[in-house]
Structure formats: structure tokens, C-alpha cells
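>>> Structure for this input, please:
(chains A, B and C)
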Amino acid sequence: MSKILEELLYSDSHEWVKVDGNIAIVGVSDFAQAEMGDITYVDVPSEGDSVSKGEDFGALESVKASSELYSPVSGTVAAVNTELEDKPELINEDPYAAWIIKVEMSDKSELDSLLSAAAYAEIAD
Amino acid sequence: MKYYDKLIFELSHPGRTGYSLPSCSLSAAETPGNVQSSAETDNTAARLFSGEQSFVRESVPNHLLRESILELPEVSEVDVVRHYTNLSQMNFGVDTGFYPLGSCTMKYNPKINEEIASHPLFAGLHPLQPDETVKGAREVIEGLDAALAAITGMKHFTFLPCAGAHGELTGLMLMREYHLARNDNARTKVIVPDSAHGTNPASAAVCGLQIVEVKSGADGLVDVEALKPLLGPDVAGIMMTNPNTLGLFERQIGEIAELVHECGGLLYYDGANMNPLLGKVRPGDMGFDIMHLNLHKTFSTPHGGGGPGSGPVGVGERVLPYLNIPRTSGFHGNFGVMLRAYAYILMLGKQHIKMAGPLATLSANYIKESLKDCFKLPIASVCKHEFVFDGLINDGARDGKAGATTLDVAKRLLDYGFHAPTIYFPLLFHQALMIEPTETESLETLDEFIAVMKKIAAEAAEDPDILHGAPHNAPIGRPDETSAARNPILKA
Amino acid sequence: MLKSQTDMSGFAYFPHTEDDIRVMLERIGVRSLDELYSDVPEPFIYKGEYDLPDALSEQQVRDFFESLGKKNTQLKVFVGQGAYDHYTPAVIPYITSRSEFLTAYTPDQCEISQGTRRYIFEWQRMVCRLTGMDVANASMYDGPSAAAEALRMAVACTRKRNKVIVSTKLQQNVLDVVSSYLKYPDIEVVFAWDVLSALGPDVAGVIVPSICRHGVIQDLTGIADAVHAAGALLIEYCDPSALAVLKTPAEWGADIAVGDAQTLGIPLCYGGPYVGFLACRNEYMRKLPGRIVGQAGDASGKRCFVLTLQAREQHIRREKATSNICSNESLMALWATVYLSLMGPEGLRKVNELSCAGAHYLYDELLKTGRFEEAFPGKPFLKEFCLKPLVDVEKLQQKLLDAGFFAALELDGYVTFCVTEKRTKEEIDALVAVVKEVEL
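Just a heads-up that it's a prediction; the model follows:
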């Protein structure tokens, strides 16, 4: 059973979202990192790029797999976790600490369609 | 096999040379004094023979010249020969031993092919020479075209593609040309079964097509009922591998062809699995409009450690007018590979070809039936040239000890002097182990392989750790691929 | 066609005896080979005789190809245009025909394919040293398809740009292949003689040759700066042999270098197999298509070589892949690697010196015949050049062919010539003598 944090929102494509005012902090769930195995590379957008809900903004790579990252919200990339460039393993070590991007949201109501921890637990097993 | 740990750069010694070039350009018999013309104009010829330091430097302005020092190995000829001979001894080829790599058709590569391919009367032909000076080469291409057409039931082939995936791309371009010529511009989807080779969806994507996956049924075959709702005016065609990657013949191909044609789409045949049909079944007769062949699989040309191959694309009547539109390689394709394949086909002739596919199929079924008590056989019907096991029946897992996986079985096979089968493909099964023996292996070789596989299964049941640590006898052990991917070292 | 006396009782490549077949059928539990095809609907079983010649014996195959070979005219090659008649050291075919290299599959099982992986690593490093780039892949089919893949790579590297500019100074077969490759995906291709005139904010990549189709060595001063200022990538198409003496793509400021390594001692062989190369700067490593070999360690710390960055590849990315290449031209990369090992920096420089000297000698001698004018006066060239013909080109070409020369290929209203280190002064003089016979 993978770890799911109560206070976060989730997408059905296994990204988590932490809301901080108008900023959405985005990472991938424990379930996702376990499925991928040892992550070897995180492909991230640049600050200032626009992202839209449901569209891919980057990708995770492991030795045997590659998986797109889908943005759970729309908006502009406000920050990118550059530490992951050299240490992609941080996602394996603690997926909820290793955020990937922060998004300045353009439509906060999009959060409503995300999953609660309980709802996400249904699909992540 | 032995371990040898040098790179050619590490043998370099400044000032050492391994080349043999004339000491000055042009004829050594001429002396500067004999060159009458040089005095008359700009002294070019005189400079040629005077052995000056750099003719390039005099002819080309400084700012167009290389600034940095070129660091290449400086080694003698014997250094080069020993180094690469040592490297070769860390490699396993078909000539080393049995190579049952599924979907790769590692059949024996007859040596006459090599002799023909290096024939000096072909090796010196420039690709842009006028046709009347390359009549023999044109006859090779035309003869091979006719032979492949006879074998597959297609009309004609283009030989530009240099590999299977290159053939797929070229074939899909033809699919698009067919629709474009009819102003049928909405056809941008291509249907690909979930058991398809990974190159199929990739080729479709780089050809600007959207991929629609069709599921396989419990019998491992394309589910025709699942296919029906996917068909419509936006479908360019379907890519099929028949027999599919489970080695199973898609017996409903007749109905599938009818449905796809009815909706206005075309059928593409992935020829990677053509081998069992050699001499028995022709893709053209099953309704396929476009196909590629891998001459380096089906027609015995060597794989060369990853090319050069040749992936000619054949078409039926519908697509024939467009055959020469896509230009996917620079000249005429890999002519040297065509020579090899043609030599092989001439040796097969109309007589032996009839046995090629059936003997490949016989070998695969023989291994399958002999090992199904040790390995899980997810679909127990007659297979064609290959089949898939889904891991060990008894992987030895107990008391928290991990069982032996397909990877472990593969690595243990190396210890016993066999190449591993294809592993973890197709994606339909978690522990896929895909075995393709081909028609060029003797009963004794197959029996030896079967005995070793049984032995490995017994080892796993007894102590999976024997397998976890394999290979024990190869030049190196299992590599750390994770750190290699995290911090790639691409320059020593 | 050929009549065969082949004995039908056996075939060297099928080891099965009738007894073997019987034993195997029994194990499977079927009565005949035909029964193994019981899953194939009856109408699809081919019942006719294959329209193939009778099977030939090995000696008959030899004789057959000998007779075909004699139908070819063996000519002294004075044309390049993407295929160059350089000398091949004897060592190379000897090494590349070693069966451990020749009959291996794409390096699949790491532990028993270290030979292939090592030479690919060496090849990648040599390509980097020639071009000045940081990373190279295991090889491409040929130069033209490498150029097309490089343009697609530029689109993948620059988000939300889908236009590329292709210099019409590139050789014709490069232009043709690029057109085909980029026709179907949603990439706009602009062909321009002056690439800078077409630059704009939607441009992902620009490809230019280092030596143009007419043989002129290009002065690329300012190109990289302009391309980068527009936010695009610069791709340079180059002859790796010439990079021993010419300014490298890295020195010109290019981001990606591509070309055909046929010039590294690979025989003409009527157009293939050759081998393309593709190299780039570190920033774009993860978008480099095809296989890449990297250095790693095994469990005991022994140095070994692995296929790395595989997550980019077609078999994992499937429909998300930006390239579908898997088999490349591995053995031809070995060919070029052995060539470069033998030649070393000095040998490769000398090849250029000899070719350049021969080409300039021919150039001067041809002008002296009065049958040509300069096409690009004062423009520098290495081994290939164009002249403006003052005689009937067809007659000129025919006369040359009759005398055993392949030369003076027509191109854009000019005729093109090429001289490599293989051409002797006697051959050049003989060619010039033939030209002098062509009436003005």
C-alpha cells in the first residue's frame, strides 16, 4: 500500500497538488514513483511556460520506463525544482517533499475536479 | 569469453601511425621538372609535387580552417587488429551459438552471402553512375524485387529503407500518399494492436498519425468486436503483425481486411514476423496493401550488431502508383544487403523455400511443448515461429525470499553458452520470455537448449539466488544501469 | 533463366533429417508439418509453385553474380555528391567480417555484447572529436536521414516551434530525404538559399552545409549568432573526413552536427550501406534519437558499457516517441571507427591534403583546356568543385564514359568533379586528355 498524504489533492494520472494561495505545488505520488522504479531523469518545463490542465508538461524517466507528467491545473510555471536535475532520486526517496513545479493558477475552480486523498486511495493500489 | 578492458584511445602513442598513403599526391614517377604545365599558369602542379607542408592551408582561407587539435588514436596497424580482435571476443553472435531471441529471427547467415556482397565488380560502383554502366546492379535490384513479389504476393518493392522501422515509416508515408491522392485528408488515425512491436506506434507518430490501440482477446488475437467501433472515415489504416508477437496466427485476418477496406482504410503488414510464412502464406493474399520485410531477419543477412539491415517495402495494386514518392534514404538503399539476400533467395529457389517457414514453425512448437511443464504458457495453441512464456511455474520464492524472474532466467542462460530469448516483451505479460529458434538449428541444439532451460527451472526451484547472481561466467556481471542513466558517462 | 542441377535431397542451411522431423512432430503431437498451419484459414495457404528460379548451388550463385558483375562498367570515379571514392585500408573488412561482430544482434544482453558496445562508445567519441560536439549516438542510416532526424530533434528541443529552415545549398539527396521525412508530421519546412532571410520567432532549427553542393567551403560567420538570437538551433551538415582540416561545427557555434561517414573509407557499393552520424551539445542529449552507449560499472566495479538514456527510445516511448529508429548501421560505424583508428589525425589530414591537391590540379588543367569557365571564381574548395561547361555536356560525359571515367555530372547548369587521394596523376592527365578531344 502506497503512502497518501491526507492534506493533498490528487489527479487520476498520479500527480499531487498542494495549494498555497494562488500557487499550486505539483509533484507525483508515492504510488507513481513506486511504479516507475528508480527514476533517472525528470524533464521539466521552464519558468514562465504556460501549462494547461490535463496536458503534459514534462516527463519522468527510469531505466525501463518513461511517463508523461500531466498538469493538474492551468496557469503559468512560477518555479521549477532545479534540484531534481542532478538528483532525480529525490522523487523516489520522498515523493511528497520532491515537488516538481509550482504553477500560478489561472482558474482556481479547476481544483474542484481533483481527487481527495480518500478518492485517490481508491485508484492507487 | 574473456574480459579485456581497453579503449582504442588508451593505446594511443603520439607519432605512431597505422596508415599507408602515398608520400606525395598523384604519381610518384613524375618529377617536378617533368610537369610542363606548372610553369605556364599558377604553379599549382609544381606545388603539388614539392612536398610543401600544407596544400589545404594554401587553398583555404585561415578562418575556415579547424582551430582545435584533432585527437584521434595514434596507433599501429597491429595495435588496431589486436584491439578489435579482443573486442570481438567479448561478443556473442549466431556463429558463436544458439540465439533464440524472439522477433529477431537470428537464423544462420550463409557465408556465400558475404562473398557476394564484397564482390569487387559491385563494390566500386558510384550510386549516381548512369544506368547503362550499372546494368548488373540494376538486375540485382530487379531480380530481388521480382523474387520478393513472388514470395509475398505484393506487386513491387522499394529498397530505400535501411531497417525494419525505416520500412514502417516509408510504408506509412505510402499510406498517407494513397489517401492524400484521393483528397481523403481526414484519415489521420492508425490502428495498432496492443501486442504490436514498439516501433509500430513510434513510426505512426513520427509520420504524423494518431495511434488508436485495439485490444487483444483472451486468445491473444485481435478482438474483431473491439476493432469494429474504431473503424470510420478518420482511419488511415491498421498495422498488423501476423503471426503476431505471441507467435499466433491472426486467423480472422480475412474478416479484418474486409472491415478495414470497407471503411476506406489500408492494411499494413509488419514483416518482422514473416519467417514462418516463408513458402507457405503470402501477405498479399491476406489482403495487405503495404508491407515491409527485414532482409536481415527473413532473408539471412547478418544483423551486424545493429545494422546495416534492409527493410524493403512492398505494395499491392492500390498503392503501386505512389511507390516511388517517399525518399527515405540518400541513394538506392543498402545495396550490399540486397546482394546478400538475393544470393540466399537464389540458393533457396522455388524448391527449398517451401520448407523454410514450416521448419521454423516446427522448431518453435517443439521447444514450446518440451518446456511447458517448467514455464507458464499463457496461451496453449499451436504457435508459428515463436512463442511466449510468462515466467517460471516455480520461481522458488519462499519465506520472504524473492523468486527468480525472467531477467534471472535470461542471465543464467548466458552462463550455459546460449543467448537469451527476448524478455519483457510483448507487454501483455509481466514475465514475458519470447523464444524464436528459426529453421537453421538442429534437433541436437534444440534438445541441448531444452535441457538447459529445465536445469535452470530446477535451480530456481531449489535456490533462486543461483539465478539472481547470474551471469557468473560472462566477461562482466550485471551492470548498474540506474546510475549510468542518472549520470551518463558518454566520454571516457 | 538459370537451369539448376541441384540435388533436392538436402539443403545446407536446414539441418533437419526426415527422422528429426518425425521425432519433433511426435513430441508436438501432430502428424505433419501441414498440421502446424491448421490455424491458417485454408484460402490463405499458398498452393501454387513460387515464381522463383530453381535452387542454385553455391558455385552456381558465384557464377551468376560474376556474370551480373561483368555487366557493370568499372569506371574511374571523379564524382562525389554524397558518395566519395576514398581508399579502404585492408584491415577494415578483415575486422568487420569477424563473425562475433557480423552475426550479433543489436547489443541486447549487456554481458555478452561488450565488444559491440565498446566500439560504439569509441565511435561516439571519435564523432565528438571530429565535430567538437559533446554527445553522439550509435549511428543513423545515412547522412540525409540523419539530417531529417536532426531537424525533428530541433523541433523537440524547442517547445512550441514547428518550423525549420533548410538551406538549398545542401546536396540534392539531403533535400529530398528531408522533404519526405517532414512532409507528414506537422512541421513546416522552408527551403532557402539564404537561410537568415527566413528566420523568425516560430523557427525551431536551421540546417546548413559546411561544404555546399557545388563544393564551396562555406563561410558561416554570423550564422550561429543570428540563429540563436531567434531562439532556434543551428544544425551543420558536414563531411567528417574534411573536419580533420576544416572548422568544426562546434567552432562555428552549431548545436547539432550531422553527416554521412561514408567518406571514412566506406566503399561506394552503389550507394550503401553507408552510415550517418548525429551529435549535439550536452543540453540536447536527452532529445538525441537512437541508441547511445555510456560507461558504467558492473556489480564488482569492472568497467562496462551500457545502452543508456533508453527511456527516450521508441520501444519505451511508443506513440510518444520523437524518432522510430532502432537498428542503425552499427557495423558501418565499426568500419569508420577502425578507419579513424588506422588513420589517426595525421593520416586523415593527409587524405585531405592529397585530395585537395589532386582536385586543384584537375581544376587548373580543365580550365586550361578552354572547355570550361570558372563557376565560382576565388571560392575555396577541398576535393569537389563545379565548372561552367563551354561544350556539349552530353557529348563530354559520353566521351568520358567511353574512356572509362565517371565525371562531369551535371548539376544546376554546371558540371561537377571530385578527386580523392585514390586518383593518380596519370588518371587525371588521362581524363584531361579526353576532355581536350571534345569539340568546342
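>>> Show me the strands in chain B, by range?
B:156-158, B:189-193, B:210-214, B:235-240, B:266-271, B:290-293, B:313-315, B:387-390, B:422-423, B:432-435 (DSSP state E).
>>> Now render the ones you listed as JSON lines, adding mean pLDDT and mean neighbour count.
Just so you know, the C-beta spots here come from the backbone N, C-alpha and C atoms, and that holds for glycine as well. Shown next, in JSON lines, are the strands of chain B (pLDDT from 0 to 100; neighbours: other Cβ atoms under 10 Å in any protein chain shown):
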{"stretch": "strand B:156-158", "mean pLDDT": "98", "mean neighbour count": "23"}
{"stretch": "strand B:189-193", "mean pLDDT": "96", "mean neighbour count": "25"}
{"stretch": "strand B:210-214", "mean pLDDT": "95", "mean neighbour count": "18"}
{"stretch": "strand B:235-240", "mean pLDDT": "98", "mean neighbour count": "26"}
{"stretch": "strand B:266-271", "mean pLDDT": "98", "mean neighbour count": "29"}
{"stretch": "strand B:290-293", "mean pLDDT": "98", "mean neighbour count": "29"}
{"stretch": "strand B:313-315", "mean pLDDT": "98", "mean neighbour count": "29"}
{"stretch": "strand B:387-390", "mean pLDDT": "97", "mean neighbour count": "26"}
{"stretch": "strand B:422-423", "mean pLDDT": "94", "mean neighbour count": "22"}
{"stretch": "strand B:432-435", "mean pLDDT": "96", "mean neighbour count": "25"}
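>>> Nearest to chain C, out of those strands?
Closest to chain C of the strands of chain B, according to Cβ to the nearest Cβ: strand B:210-214, at 4.2 Å.
>>> before we move on, back to that, among the strands of chain B, which is nearest B:K111?
Minimum separation from B:K111 across the strands of chain B (Cβ to Cβ) falls at strand B:290-293, 21.9 Å.
>>> Against which helices or strands is the closest one packed?
In terms of contacts (3 or more Cβ pairs under 8 Å, 6 or more residues apart in numbering or on different chains; DSSP states H and E), strand B:290-293 is packed against helix B:135-152, helix B:164-181, strand B:266-271, strand B:313-315.
>>> Among these, which comes closest to C:A311?
helix B:164-181 (17.6 Å).
>>> Stretch B:226-239: end-to-end distance?
Across stretch B:226-239, the terminal residues are separated by 15 Å (Cα to Cα, to the nearest Å).
>>> Return the distance of that stretch from the chain's centre.
29 Å (Cα atoms, centre = their mean, to the nearest Å).
>>> Just send the helices and strands packed on strand B:290-293 back as JSON lines, with distance to chain C too.
As requested, those are arranged in JSON lines below (distance: least, Cβ to the nearest Cβ, whole Å):
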{"stretch": "helix B:135-152", "distance to chain C": "4"}
{"stretch": "helix B:164-181", "distance to chain C": "5"}
{"stretch": "strand B:266-271", "distance to chain C": "12"}
{"stretch": "strand B:313-315", "distance to chain C": "13"}
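>>> of all those, which lies closest to chain A?
With respect to chain A, and counting by Cβ to the nearest Cβ, the nearest of the helices and strands packed on strand B:290-293 is helix B:164-181 at 17.7 Å.
>>> about what we covered before: of the strands of chain B, which is nearest C:I112?
Closest among the strands of chain B, using Cβ to Cβ: strand B:422-423, at 14.0 Å.
>>> Quick check: the one residue in chain A that gets nearest to chain B vs B:R412, distance?
Taking Cβ to the nearest Cβ, chain B has its nearest neighbour within chain A at A:T40, 3.6 Å off. From A:T40 across to B:R412, the span is 26 Å (Cβ to Cβ, to the nearest Å).
>>> ditto for B:H179
From B:H179 to B:R412 the distance is 50 Å (Cβ to Cβ).
>>> Same check on B:M90?
B:M90 is 19 Å from B:R412, where distance means Cβ to Cβ.
>>> Which stretches in the stretch 201-350 of chain C count as strands?
C:203-209, C:233-237, C:256-260, C:276-280, C:293-297, C:303-307 (DSSP state E, counting those that start in this stretch).
>>> The second one pairs with which strands, parallel or anti?
If I follow you right, that is strand C:233-237. Paired with strand C:233-237 in the same sheet, following DSSP bridges, are strand C:203-209 (parallel), strand C:256-260 (parallel).
>>> Minimum distance to C:Q218: which of those has it?
Short answer: strand C:203-209, nearest of those by Cβ to Cβ, at 6.3 Å.
>>> Where does pLDDT dip in the chain?
Just going to use chain A. A:1 (pLDDT under 70).
>>> hm, I was asking about chain C
C:1-9.
>>> Next to chain A, which bits of it? Give me the list.
C:R159, C:R286, C:L309, C:Q310, C:A311, C:R312, C:I316, C:R317, C:K320 (Cβ under 8 Å from any Cβ of the partner chain).
>>> filter these down to the ones near chain B?
Among the residues of chain C next to chain A, chain B is touched by C:L309, C:Q310, C:A311, C:I316, C:R317, C:K320 when using Cβ under 8 Å from any Cβ.
>>> ok, the nearest residue to A:D38 once chain neighbours are set aside to A:I39 distance?
Counting by Cβ to Cβ, 6 or more residues apart in numbering or on different chains, A:D38 lies nearest to B:T482, which is 4.3 Å off, once chain neighbours are set aside. Using Cβ to Cβ, one gets 9 Å for the distance from B:T482 to A:I39.
>>> before we move on, what about C:V275?
34 Å.
>>> what pLDDT does B:P32 get?
Looking at B:P32, its pLDDT reads 35.
>>> Next: the one 4 residues further on.
Looking at B:Q36, its pLDDT reads 39.
>>> mind listing the strands for chain A?
A:9-10, A:15-20, A:23-28, A:39-43, A:50-51, A:56-62, A:66-70, A:75-80, A:101-105.
>>> what pairs with the longest one, and is each one parallel or antiparallel?
Right, strand A:56-62. strand A:39-43 (antiparallel), strand A:66-70 (antiparallel).
>>> just the angle between that strand and strand A:75-80, please?
40 degrees (axes from the mean of the first three to the mean of the last three Cα atoms, to 10 degrees).
>>> just to revisit the earlier point, would you check which pair of the residues of chain C next to chain A lies furthest apart?
C:R159 and C:Q310 (23.0 Å).
>>> Which residue would you name as the spatial centre of chain A?
With distances taken as Cα atoms, centre = their mean, the residue of chain A nearest its centroid is A:G27 (2.6 Å).
>>> show me what contacts it?
A:G27 is in contact with A:E15, A:W16, A:I91, A:P95, A:Y96, A:A98, A:W99, A:I100, counting by Cβ atoms under 8 Å, 6 or more residues apart in numbering or on different chains.
>>> and if you look at B:V140?
Applying Cβ under 8 Å, 6+ apart to B:V140 gives the contacts B:F122, B:F335, B:M338, B:L339, B:Y342, C:L68.
>>> Where does pLDDT dip in chain B?
Answering for chain B: the residues below the bar, that is pLDDT under 70, span B:24-53, B:492.
>>> so what are the domain limits for it?
Chain B is divided into the following domains under automatic domain parsing: B:8-80, B:111-349, B:358-483.
>>> Turn those into TSV, columns for distance to C:L233.
Supplementary listing: the domains of chain B in TSV, determined by distance: least, Cβ to Cβ, whole Å:
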stretch	distance to C:L233
domain B:8-80	21
domain B:111-349	18
domain B:358-483	29
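>>> for the stretch 301-450 of chain B, what spans make up the helices?
For the stretch 301-450 of chain B, applying DSSP state H, counting those that start in this stretch gives helices covering B:335-371, B:406-415, B:443-462.
>>> Give me the contact list for the shortest one.
Contacts of helix B:406-415 from elsewhere in the structure, counted by Cβ under 8 Å, 6+ apart, are B:391-392, B:419-421, B:423-424, B:431-433, B:452-453, B:456, B:459-460, B:464, B:466-468, B:470-474, B:478, C:109, C:111-112.
>>> Ok, stretch B:78-89 next?
The contact list for stretch B:78-89 (Cβ under 8 Å, 6+ apart) reads B:1-2, B:4, B:6, B:8, B:11, B:16, B:18, B:75, C:91, C:94-95, C:98, C:100-101, C:114-115, C:118-119, C:334, C:338, C:341-342.
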